[in-house]
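Chemist: Below are the sequence and a predicted model; questions follow.
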Amino acid sequence: MIEENQPSVLIMIFGATGDLAKRKLFPSIYRLFQKEKINKFAVVGVARRELSNDEFQANVKESILTFTKEQENVDEFASHFYYHSHDVSSSESYIQLKDIADRLDSHYQLEGNRVFYLAMAPEFFGTIAEQVKEQGLTDTNGYKRLVIEKPFGHSFESALELNKRIRTAFEEDEVYRIDHYLGKEMVQNIEVIRFANALFEPLWNSRYISNIQVTSSETLGVEERGRYYETSGALRDMVQNHMLQMVALLAMEPPIRLTTEEIRSEKVRALRSLRPMTKEEVNQYFVRGQYGAGTVNQENVPEYRTEHNVDPESNTETFVAGKLMIDNFRWAGVPFYIRTGKRMDIKSTKIVVQFKDIPMNLYYNTEETLQPNLLVIHIQPEEGITLLLNAKKTGGDVKSTPVQLSYSNKSTDQLNTPEAYEKLLFASMRGDATNFTHWDEVALSWKFVDSISEVWENTKESSFPNYEAGTSGPRPADELLESDGHFWWPVENLDLEN
Ligand SMILES: NC(=O)C1=CN([C@@H]2O[C@H](COP(=O)(O)OP(=O)(O)OC[C@H]3O[C@@H](n4cnc5c(N)ncnc54)[C@H](OP(=O)(O)O)[C@@H]3O)[C@@H](O)[C@H]2O)C=CC1
Ligand SMILES: O=C1O[C@H](COP(=O)(O)O)[C@@H](O)[C@H](O)[C@H]1O
């Protein structure tokens, strides 16, 4: 059941001295507090290093100032934070944590509601879930929920193993697997655009749509995450979760109701319809890349293989492009192209829906530049929608010209959209699991991605590095579309401002 606003809750953050807690979690909880969405709450931060409550609260205040640039009510806010120095493998430490939790529960009247937020390296996820149960932290009168960060496993087998361990302590409906793309405003908007518009709903199928392109490009490199990224690559880091989640939302059938269960079940059906590939077909449908040295935002940047904690002969992909076919009645024959990479020319996530040409175009003779209709969903950095149409060129002759109808979220609502983590944290407190990934989605995504990684991990890519940093990726990614008679719509030309 989804609770009303102002849930009372004790949040236990495992990994409270880490990067995610500092950059995303403390600022998100602060914004919820400032918006008065929570007032009866306490946070226990858990990590190995020794800190007093005062030192921890000082860290929280510094994070608020750095990442929100605000400090109103920050002392009062930080007074809700407590710290427990803890090694995740020590049972004794969980017993002390239980004592702290019980005391805060009664002090703040939190009704026994507990969110366990795992913001630590994934190898600890299973142990923490088991320990919080064994040491009685989950024996509570209120709800108990586990919010779990990515990556959820490294393959289908490892995800299955992790899931079994978690499920010894939490039911599936108590597990909130984070995919932060599902917290993004315009990703959540996909369903509304599709299902609330008479203009699009009837056209959303293979009769009218030529292809759909989903691009998520980053200018950042691998930064300090070389050790993790070497075992992950762009396929596991971005495709298994964010990219396939966006495809599922674009491809799913309308749910019969807007409930968590109905939406999830339609997403699962869409993922089940992904056309499987044989080993021989993988490189026909998918292209991998790795960045070489280049220039990004006027700065010279090194090649991936010389980044910190990266093998100088690394076979890890930092770029993936792929063609997904969804073998069901609605999408037969319509390619869904996806593309994601690090150190590309632009930071941008966009979806382009390309409609088919009309059967007979009266303007072919007079106008060479007639374009297909496009619906562009701008996920980030700008948020909005653009519809590209053809209209009459002003003047005497009957000639057509492309025109754009644009809606920008920010300029229309005059609001800063809430950060994804703020929305997801609040949803987990309220028991709304709609924008978290169900185990069935995770399992299907891993099975699909495993079929690609099995081939890539067993064949060294001799062309690596095959794209220069600061570009739009390797040439074979363009050829993937050209062989179907398509091309990638250039994301920079589709900006809302243009
Ligand atoms: N950072 C980000 O932007 C994102 C992170 N994530 C995910 O979030 C999770 C955390 O990432 P991030 O914050 O970057 O990681 P960090 O390495 O910055 O933080 C790890 C945290 O774990 C604690 N820790 C490590 N070992 C132990 C132990 N044995 N017992 C108790 N605490 C321990 C560390 O504290 P101490 O050293 O004091 O013990 C620290 O608080 C990962 O799963 C990551 O994949 C997902 C998306 C984005
Ligand atoms: O999950 C991840 O996402 C980020 C990209 O997120 P965005 O919101 O900035 O688009 C990516 O940099 C990171 O490697 C990956 O783990």
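Modeler: Arrived safely. All values reported here derive from a predicted model rather than from experimental measurement. Numbers count the residues shown, from 1 in each chain. Ligands and ions are numbered 1, 2, ... in the order given.
Chemist: Now do the same contact list for whichever residue of the stretch 251-400 of the chain sits closest to ligand 1.
Modeler: Residue nearest to ligand 1 within the stretch 251-400 of the chain: Asn309 (12.8 Å; C-beta to the nearest ligand atom). Yep, even glycine has a C-beta here, placed from its N, CA and C like the rest. When contacts are counted by C-beta atoms under 8 Å, 6 or more residues apart in numbering, Asn309 is found next to 226-227, 230.
Chemist: possible to save the residues you listed as a markdown table with pLDDT?
Modeler: Compiled in a markdown table, the contacts of Asn309 are given as follows (pLDDT from 0 to 100):
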| residue | pLDDT |
| --- | --- |
| Gly226 | 95 |
| Arg227 | 94 |
| Glu230 | 97 |
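Chemist: Just the ones of those residues in helices?
Modeler: Secondary structure assignment (DSSP state H) places 226-227, 230 from the contacts of Asn309 within helices.
Chemist: residues near Pro255, how many?
Modeler: Here the count is done by other C-beta atoms under 10 Å, and Pro255 has 17 residues near it.
Chemist: Just the element for the residue lying closest to it once chain neighbours are set aside, please.
Modeler: Once its chain neighbours are removed from consideration, Pro255 has its nearest residue in Glu262; the separation is 3.9 Å (C-beta to C-beta, 6 or more residues apart in numbering). Secondary structure assigned from DSSP states H and E places Glu262 in helix 260-272.
Chemist: Which positions in that helix come out as buried?
Modeler: With burial defined by 16 or more other C-beta atoms under 10 Å, the residues of helix 260-272 counted as buried are 260, 263-271.
Chemist: can you list contacts of it?
Modeler: By C-beta under 8 Å, 6+ apart, the list of residues contacting helix 260-272 reads 191, 244-245, 247-249, 251-256, 326, 328, 432-434, 438, 440-441, 444-445, 448.
Chemist: close enough to count as contact, Lys133 and Thr168?
Modeler: Yes. Lys133 lies in contact with Thr168 (C-beta atoms under 8 Å); the separation is 6.6 Å.
Chemist: neighbour count winner among the two?
Modeler: Of the pair Lys133 and Thr168, Lys133 is the one with more neighbours under other C-beta under 10 Å, namely 17 against 11.
Chemist: how far away is that one from ligand 2?
Modeler: Using C-beta to the nearest ligand atom, to the nearest Å, we find Lys133 at a distance of 28 Å from ligand 2.
Chemist: who are the neighbours in contact with that residue?
Modeler: Under the criterion of C-beta under 8 Å, 6+ apart, the contact list for Lys133 reads 168-170.
Chemist: wait, is it part of a helix?
Modeler: Yes. Applying DSSP: H, G, I helix; E, B strand; the rest coil, one finds Lys133 inside a helix.
Chemist: i'd like the first residue to be 801 from this point on
Modeler: Taking 801 as the first residue, the last one we looked at is Lys933.
Chemist: Quick check: nearest residue in space to Asn1235, chain neighbours excluded?
Modeler: Once flanking residues are discounted, Asn1235 sits nearest to Leu982: 4.0 Å by C-beta to C-beta, 6+ apart.
Chemist: cool, Glu872 as well?
Modeler: The shortest distance from Glu872 to any non-neighbouring residue, by C-beta to C-beta, 6+ apart, is to Gln834 (6.9 Å).
Chemist: Look up how far ligand 1 lies from the one you found.
Modeler: With distances taken as C-beta to the nearest ligand atom, Gln834 is found 22 Å from ligand 1.
Chemist: Got phi/psi on that residue?
Modeler: In terms of degrees, to the nearest 10, the main-chain angles of Gln834 are phi -60, psi -30.
Chemist: quick one: it and Asn1161, what's the gap?
Modeler: Gln834 sits at a distance of 54 Å from Asn1161 (criterion: C-beta to C-beta, to the nearest Å).
Chemist: okay, those two: which has more neighbours?
Modeler: Residue environment comparison for Gln834 versus Asn1161 gives the larger neighbour count to Gln834, 16 against 12, counting by other C-beta under 10 Å.
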